[in-house]
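Enquirer: what's the 3D shape of this:
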Amino acid sequence: MSVVFALASCGHSGKALLPNVSGKAGEVIVVLDKSEWEGNLGVTIRDLLACDCPWLAQKEPLYSLVNVTPSGFVDMFKVHRNIVYVEIDPQAQKECVVLRNDMWASPQCVIQISAFDSESAGRLISENSQMIVNSLEQAERDRVINNTLMYEEKSIAPQVKEIMGGSPHFPSGYKLLKKTDDFIWIADEKQYTTQGVLIYKYPAEAGDQEFTRDNIISHRNAALKENVPGMFENTYMTTTEYVLPEVSFVKYKGREFAQTRGFWEVYNDYMGGPFVSHSFFSPDGSEIIVLDAFVYAPKYDKRQYLRQVESLLYSFEWAEEKPEK
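Expert: Predicted coordinates:
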C-alpha cells in the first residue's frame, strides 16, 4: 500500500485553459460501481464523508455525496469541484491513494484510490481517512479564501490590523459593527442569517494554562458579556454550559493556535448556534489574540455557513505579511 501526494504542477498558462469547477460547496462526487456503492465499500465511504458534521445542533452530513458510475463519469462530472475516484482492478500495478489538484478543472480536488479488490479499497480508505478528509476540507477552505481575496471588503482588514497587529480578510457583505481598544466585531448580516467574526485580545498571564479550555472559555465569556449584547435588557452572548467545548491544537502555514469548537447562546434569551475560535500568541508573546467565528441561521442548515466563516479565520496574516493566493 502507498499514499502518493501528486500535486499537479501546471504553469499559469496551463491553468488558465482549465474551466472553472462546477457543483455546490460541500458536495463530493464518488466514482464507483453501483454494486460497490450499495455494498460494504459504499458504507465505508459514507461513514467517512457523510457522517454527522461535528458541532452542529441538527444532523447534517459532513459532505453531500453523489454516486456516479465509471461508465457515467462523463465530461460534465469531470469538472466537479471534489471527486473521489475509486478504481477496483485485480490487474492494477499497485494499490495507492493519490491526491491531485486541478486535473480537469480549477480549483479542483481529486482523490484517486486504486485497489485490487473492494476489501483492499475499504482498508485503504480507512487507513488514509484523515488525509482524505483534510484534503477536501483544505480545498473547500482555499476556495473561500481565494474568492474572498478576489471580492474583498478592503476597508476592514487595515482597521483590525491597527488594533490587533494582524487580521483575516473579509469578502464584500461583511461590515465592521464595533471597534474598541481590544475588541472588534465584524459580520455579514442578512434577513435570516448572520455570519460573524469576533476578534479580541487579552494579556498572556496564565503560563502553561493559557490554552486550557477553562481559560479560553473564561476570557471568551468575559469579552462577549462586555461587548455583544442581546436584543433585550440583561441579555448577552455567552458560551453554552450544556455541551462542553472541545479544544485541539493546529499548525497551519507556520502558525500555531488552539482551536475551540462549541455552541454559543444568548443569556436570558433563546438565540444560539455553533462557533469555532483560534487562540494564539501575539508576535512578542505578551498577548493572546482570538479569532472567533459564529453562525446564526435558525431557518437553515448551518454546515456551509459555518464552513464559510471559519475559512476566513485561516486567511489571517500579520501586518507585515502578504496574503497567499
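Enquirer: could you list the low-confidence segments of the stretch 151-300 of the chain?
Expert: For the stretch 151-300 of the chain, no stretch has pLDDT under 70.
Enquirer: which helix or strand contains the spatially closest residue to residue 155 that is not a sequence neighbour?
Expert: Nearest non-adjacent residue to residue 155, counting by Cβ to Cβ, 6 or more residues apart in numbering: residue 176, 7.6 Å away. C-beta here means a position set from N, CA and C on the backbone, and glycine is covered the same way. Secondary-structure assignment from DSSP states H and E places residue 176 in strand 175-179.
Enquirer: what residue spans form the domains of the protein?
Expert: If you go by automatic domain parsing, the domain ranges for the chain are 2-148, 151-318.
Enquirer: mind checking how far the strand holding residue 176 is from the chain centre?
Expert: 23 Å (Cα atoms, centre = their mean, to the nearest Å).
Enquirer: residues making contact with it?
Expert: 153, 155, 156, 159, 163, 184, 185, 186, 187, 188, 189, 227 (Cβ atoms under 8 Å, 6 or more residues apart in numbering).
Enquirer: can you put the residues you listed in a markdown table and add neighbour count, secondary structure and distance to residue 248?
Expert: Listed next are those as a markdown table, based on neighbours: other Cβ atoms under 10 Å; DSSP: H, G, I helix; E, B strand; the rest coil; distance: Cβ to Cβ, whole Å:
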| residue | neighbour count | secondary structure | distance to residue 248 |
| --- | --- | --- | --- |
| 153 | 17 | coil | 30 |
| 155 | 11 | coil | 33 |
| 156 | 20 | helix | 28 |
| 159 | 14 | helix | 30 |
| 163 | 17 | helix | 27 |
| 184 | 24 | strand | 25 |
| 185 | 19 | strand | 25 |
| 186 | 26 | strand | 24 |
| 187 | 20 | strand | 25 |
| 188 | 20 | strand | 26 |
| 189 | 13 | strand | 29 |
| 227 | 17 | helix | 26 |
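Enquirer: closest to residue 111 among those residues?
Expert: Nearest to residue 111 out of those is residue 188 (Cβ to Cβ; 31.3 Å).
Enquirer: what pairs with that closest one across the strands?
Expert: Judged by DSSP bridges, the bridge partners of residue 188 are residue 195.
Enquirer: what sits against it?
Expert: Residue 188 is in contact with 171, 173, 174, 175, 194, 195, 196, 309, counting by Cβ under 8 Å, 6+ apart.
Enquirer: distance check, it against residue 35.
Expert: As judged by Cβ to Cβ, to the nearest Å, residue 188 and residue 35 stand 45 Å apart.
Enquirer: same deal with residue 69?
Expert: 10 Å.
Enquirer: one more: residue 63?
Expert: Applying Cβ to Cβ, the value for residue 63 to residue 35 is 22 Å.
Enquirer: neighbour-wise, which of these two wins?
Expert: For residue 63 versus residue 35, neighbours defined as other Cβ atoms under 10 Å are more numerous around residue 63 (24 against 11).
Enquirer: distance check, the more buried one against residue 51.
Expert: For residue 63, the distance to residue 51 - Cβ to Cβ - is 9 Å.
Enquirer: now list whatever residues contact both of these two.
Expert: Counting by Cβ under 8 Å, 6+ apart, nothing touches both residue 63 and residue 51.
Enquirer: show me where the protein has its helices.
Expert: Remark: helices assigned in the chain by DSSP state H are 12-16, 34-37, 40-49, 75-78, 118-127, 129-150, 156-164, 213-227, 303-313.
Enquirer: next up, the contacts around the residue lying closest to residue 297 once chain neighbours are set aside.
Expert: Nearest residue to residue 297, sequence neighbours excluded (Cβ to Cβ, 6+ apart): residue 193, at 4.3 Å. Contacts for residue 193 (Cβ under 8 Å, 6+ apart) come out as 295, 296, 297, 299, 300, 305.
Enquirer: residue contacts, the last one?
Expert: Remark: with contacts taken as Cβ under 8 Å, 6+ apart, residue 305 is in contact with 193, 195, 295, 297.
Enquirer: pipe these into CSV and attach distance to residue 211 per row.
Expert: Output for the contacts of residue 305, formatted as CSV (distance: Cβ to Cβ, whole Å):
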residue, distance to residue 211
193, 31
195, 25
295, 24
297, 29
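Enquirer: which of the residues you listed lies closest to residue 95?
Expert: Nearest to residue 95 among these, with distances taken as Cβ to Cβ, is residue 295, at 40.2 Å.
Enquirer: so what pairs up with that closest one in the strands?
Expert: Beta-bridge partners recorded for residue 295 (DSSP bridges): residue 195.
Enquirer: I'd assumed residue 192 was in contact with it.
Expert: No. Using Cβ atoms under 8 Å, residue 295 makes no contact with residue 192, being 11.7 Å away.
Enquirer: who has more neighbours, the two?
Expert: Higher neighbour count among residue 295 and residue 192: residue 295, with 24 against 9, using other Cβ under 10 Å.
Enquirer: which residues touch the more buried one?
Expert: Taking Cβ under 8 Å, 6+ apart, one finds 193, 194, 195, 196, 273, 274, 275, 302, 305, 306, 309 in contact with residue 295.
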